[in-house]
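Enquirer: heads up, no residue letters with this:
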């Protein structure tokens, strides 16, 4: 098994870290301890976080350790916080130095890729700790044979698509361009073409990972296979991924159509969507985007190759008459869809939340829950101005099959035709947090309750849709949870990512 040992002590002592050479782990730890102790002596009057930030500045340079208030704020105001300092690494070695300093001084930390999680403390931290912001690890590079792309965790998916688009290359990734690469992948990642190719994490060829032990390792199907499995949806429990190698897929030009319907047509649209889920989705090249707001319903029909007419997979929608068709049926490069989504995604500051639940497909159940959700959401909108969405994502047997064929993942998704519900919630005032969030909390509770009563419930919760009080890891099943705990302890024996990481979907909570 090949690993990279980095002499952290040498890195502390010299400012040119690009010239650091590997050495044995014992020497690495001993030298790091000596140098760190010297910094501690010089800063005896300062608190421990200050010492850690000073050590990071000395080791990495002032341009990589920022002590001013955050210049780049996360997506949701629920996550606004000012860390004592922000470390902005430019390489995996820099990340290794950062995590060794954090471990030496035993200070709290958070890691941020794109900062698109609305959960407070998941990728943010206040003055009690250090933020490792990966935004400078944002490169996207296509392999010489075009079979995979290497993407940094700090890249946004829109940037990655644009870079690969110059070569008419595509990887399976996020549906929203502003989402960060790292967070989506560690949660599994649902894409427009997941039914055809599996979850985003199922398309990873290799992870480059910085471990708390002072190693930089690769995890793939032949090296650190257990870590490879765990990282495909296991969350931030094992190390900091500094590079994702993703297989490219044979898709570039696609067929698409976007239509808008009245909320008065909600039951008809939901029924059509379910007919597609039960029948049309067997054509795994077809994908449907369904998002209902308080004012309108957006339906996007996508097919992963160019066509001369609407495919029969979407026949369920033929009887519906939209209010408007903002994007008529046409062939277009995949990046055009991403640009359209980017133009319609809210960019103004505000407070946001997600929430998720899953069930088997049943139109009567979905319509009943929708009626409940809409009544609650309208009342809260009237009281607070909050906007909420009701969105359903289809998960069919081929998505699960692709995951198994690509080495498996820890998610434990039930092998049935199913749907994942989610919501995006936007509001302004912190005093309204509990009231606004109550809509999705009560909606998911009702969905689970009715599902159990009718034999339609799935316990699975998709991590990237989960809210702060949910436990997606628990939904993976006891076998996966126990395996994840063993792998976490193997690669993080001092439990740095469980004890010092500020918050998140941590395996130690399960």
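Expert: On my side now, so go ahead. Treat the numbers as computed from the prediction; the structure is a model and nothing was measured. Numbers count the residues shown, from 1 in each chain.
Enquirer: quick one: residue 447 and residue 247, what's the gap?
Expert: 34 Å (Cβ to Cβ, to the nearest Å). All C-beta atoms are positioned from the backbone trio N, CA, C, and that covers glycine.
Enquirer: what about those two, which has more around it?
Expert: residue 447 (23 against 17; other Cβ atoms under 10 Å).
Enquirer: And for the closest residue to residue 442 other than its chain neighbours, the neighbour number?
Expert: The shortest distance from residue 442 to any non-neighbouring residue, by Cβ to Cβ, 6 or more residues apart in numbering, is to residue 376 (6.3 Å). For residue 376, the count of nearby residues is 18 (other Cβ under 10 Å).
Enquirer: now swap in residue 325 and tell me
Expert: Residue 325, neighbours per other Cβ under 10 Å, totals 12.
Enquirer: now do the one 3 residues further on
Expert: The criterion is other Cβ under 10 Å. On that basis, residue 328 has 9 neighbouring residues.
Enquirer: For it, give me its contacts.
Expert: By Cβ atoms under 8 Å, 6 or more residues apart in numbering, the contact set of residue 328 is residue 257.
Enquirer: same check, this time on residue 476
Expert: With contact set as Cβ under 8 Å, 6+ apart, residue 476 has these partners: 233, 410, 411, 412, 460, 484.
Enquirer: can we see that at 10 Å?
Expert: 233-234, 409-413, 459-461, 463, 483-484, 510 (Cβ atoms under 10 Å, 6 or more residues apart in numbering).
Enquirer: same thing with residue 293?
Expert: 263, 377, 387, 388, 389, 390, 391, 424.
Enquirer: same thing with residue 401?
Expert: Residue 401 touches 198, 284, 415, counting by Cβ under 10 Å, 6+ apart.
Enquirer: got a winner among these for most neighbours?
Expert: Busiest of the contacts of residue 401 [other Cβ under 10 Å] is residue 198, holding 25 neighbours.
Enquirer: Tell me how far the nearest residue to that one once chain neighbours are set aside lies from residue 334.
Expert: Closest residue to residue 198 apart from its sequence neighbours, by Cβ to Cβ, 6+ apart: residue 402 at 2.9 Å. Plainly put, residue 402 is 19 Å away from residue 334 if you go by Cβ to Cβ.
Enquirer: Ok, residue 463 next?
Expert: Counting by Cβ to Cβ, the gap from residue 463 to residue 334 is 25 Å.
Enquirer: And these two? Which one has more around it.
Expert: Using other Cβ under 10 Å, the more surrounded residue of residue 463 and residue 334 is residue 463, with 26 against 23.
Enquirer: I'd say the more buried one and residue 422 touch.
Expert: No - counting by Cβ atoms under 10 Å, residue 463 does not reach residue 422; the two are 11.4 Å apart.
Enquirer: Could you name every residue contacting both of the two?
Expert: residue 356.
Enquirer: where does this structure have low pLDDT?
Expert: 1-46, 70-72, 346-347 (pLDDT under 70).
Enquirer: I'd like the contacts of residue 293 as TSV, with distance to residue 303, secondary structure and neighbour count appended.
Expert: Converted to TSV, the contacts of residue 293 look like this (distance: Cβ to Cβ, whole Å; DSSP: H, G, I helix; E, B strand; the rest coil; neighbours: other Cβ atoms under 10 Å):
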residue	distance to residue 303	secondary structure	neighbour count
263	26	helix	15
377	32	helix	24
387	30	strand	18
388	29	strand	26
389	24	coil	17
390	24	strand	25
391	20	strand	17
424	25	strand	21
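Enquirer: ok, so of these, who is nearest residue 116?
Expert: Nearest to residue 116 among these: residue 424, at 11.0 Å, using Cβ to Cβ.
Enquirer: got a list of what the closest one touches?
Expert: 118, 176, 291, 293, 345-346, 352-355, 387-391, 440, 465.
Enquirer: which stretches of the stretch 151-300 of the chain form helices?
Expert: Using DSSP state H, counting those that start in this stretch, the helices of the stretch 151-300 of the chain run over 157-165, 181-186, 194-197, 225-231, 266-278.
Enquirer: In terms of secondary structure, what does the last one contact?
Expert: In this structure, helix 266-278 makes packing contacts with strand 253-262, strand 286-292, strand 296-303, helix 363-384, strand 390-395, strand 418-427, judged by 3 or more Cβ pairs under 10 Å, 6 or more residues apart in numbering; DSSP states H and E.
Enquirer: Of these, give the one that comes closest to residue 272.
Expert: strand 296-303 (8.3 Å).
Enquirer: Which residues in the next helix or strand after that closest one does the neighbour count mark as buried?
Expert: The first helix or strand that comes after strand 296-303 along the chain, using DSSP states H and E, is strand 324-333. Neighbour counts over strand 324-333 (16 or more other Cβ atoms under 10 Å) mark 327, 329, 333 as buried.
Enquirer: Mind listing the strands strand 324-333 pairs with, and their directions?
Expert: Paired strands of strand 324-333, with direction, are strand 253-262 (antiparallel) (DSSP bridges).
Enquirer: Report the inter-axis angle for the partner strand versus strand 296-303.
Expert: Comparing the axes of strand 253-262 and strand 296-303 via axes from the mean of the first three to the mean of the last three Cα atoms, to 10 degrees yields an angle of 160 degrees.
Enquirer: Strand 253-262 vs strand 286-292, what angle?
Expert: 30 degrees.
Enquirer: Grab the nearest non-local neighbour of residue 64.
Expert: Leaving aside its sequence neighbours, residue 64 sits nearest to residue 88 (Cβ to Cβ, 6+ apart; 5.1 Å).
Enquirer: What's the local residue count around that neighbour?
Expert: Neighbours around residue 88, by other Cβ under 10 Å: 22.
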